[in-house]
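# structure for the following, please:
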Amino acid sequence: MPPEGARERLSEAHCTYLSMSVRHEVTLRANREAFSHFQLRPRRLVDVRELDTRSHLLGPELSCPIVLAPVGSRRAYHPDGELAVALTRRSPCSKHAPLDR
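Presented below is the predicted three-dimensional model:
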């Protein structure tokens with residue numbers, strides 16, 4: 001299912017592409033199985049004035065656990081495509097780990 005608000009901004013073809021999987025959903029099932037071992041646990045009544053979101057992925061330290069995988073169709077979802085993604089390097093999550101290994 002495309003993210004909320006996507007249907008108002010994207011063509012029907014792009015919404016369909018976002019919500020589909022291929023090859024008998026093999027990758028989809030593998031991803032769901034892998035992610036089923038993780039869970040987000042809300043912490044209540046915790047002092048959040050000093051947070052540390054640093055993490056390690058494939059060696060390098062990331063300032064926050066957000067990684068952008070390479071894809072070839074970003075322009076279909078934003079007019080600036082790859083340029084918009086490149087500009088995220090200016091964000092607090094500025095250390096992106098390459099996933100082209």
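
# per-residue pLDDT of the residue nearest the centre of the chain, please?
The residue lying closest to the centre of the chain (Cα atoms, centre = their mean) is Leu68, at 5.6 Å. Note for Leu68: predicted pLDDT of 73.

# walk me through the domains of this structure.
1-39, 43-101 (automatic domain parsing).

# all helices of the protein, in order?
Secondary structure of the chain (DSSP state H): helices at 6-9, 12-19, 26-35, 81-87.

# out of these, nearest to Cys64?
Closest to Cys64 of the helices of the chain, according to Cβ to Cβ: helix 81-87, at 15.6 Å. (Each C-beta comes from the backbone N, C-alpha and C, glycine too.)

# low-confidence ranges, the chain, go.
Applying pLDDT under 70 to the chain flags residues 1-3, 22, 70, 89-101.

# quick one: the residue sitting furthest away from the middle of the chain and Tyr77, what's the gap?
Residue farthest from the centre of the chain, counting by Cα atoms, centre = their mean, is Leu45 at 28.0 Å. Applying Cβ to Cβ, to the nearest Å, the value for Leu45 to Tyr77 is 38 Å.

# my guess is the residue nearest to the centre of the chain meets Thr88, correct?
Yes: with contacts counted by Cβ atoms under 8 Å, Leu68 reaches Thr88, the gap being 7.3 Å.

# and the strands in this structure, which stretches?
Here the chain has its strands, by DSSP state E, at 55-56, 61-62.
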